[in-house]
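**Q** Fold the following and give me the result.
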Amino acid sequence: MDMNEYDKEVVELCKAMNLLPGITTIESCCGHGKRPYHIWFTAEGLLHLPRLIYYFDVCHCGFGGWRVIAHTDCGMSPAVFLVEGPVGEDAYWQSEAIAQLLRREMGQT
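**A** Numbers count the residues shown, from 1 in each chain. The predicted structure follows:
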């Protein structure tokens, strides 16, 4: 997906997530101050998830209210994952900080 199609508030975190091996973002929405911040992504396998999930934990990023959720549809399609964050401005600046942590993890500071 072309990054120009993303809400500007999610671009940096999507780019940082896509740096991680086996992780590909597929859809996103900043929530526009009304709904939670969301980034949907796929993982090539479960072994690719811990490195990403680690940085959404309050112990490692310093921000509460972030989580990674696995889900499927009524047809039991392969699992997709969702990063969910808070609503509004806090989510926007926190996502930038988490993106910076992920870039540092990948040696891209």
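**Q** Flag every buried residue along stretch 17-36.
**A** Using 16 or more other Cβ atoms under 10 Å as the burial criterion, the residues of stretch 17-36 that qualify are Met17, Leu20, Ile23, Thr25, Ser28, Cys30, Gly31, Pro36. Where C-beta positions appear, they are placed from N, C-alpha and C, glycine not excepted.
**Q** ok, which stretches of this protein are helices?
**A** If DSSP state H is used as the criterion, the helices of the chain fall at 11-19, 49-54, 58-61, 89-105.
**Q** Select, out of those, the one closest to Met76.
**A** Put simply, out of those the one that sits nearest Met76 is helix 49-54, at 19.6 Å, with distance taken as Cβ to Cβ.
**Q** what's the closest one packed up against?
**A** Counting contacts by 3 or more Cβ pairs under 8 Å, 6 or more residues apart in numbering; DSSP states H and E, the secondary-structure elements packed against helix 49-54 are strand 67-71.
**Q** For Gly107, give me phi and psi.
**A** Backbone geometry at Gly107, expressed as degrees, to the nearest 10, gives phi 70, psi 30.
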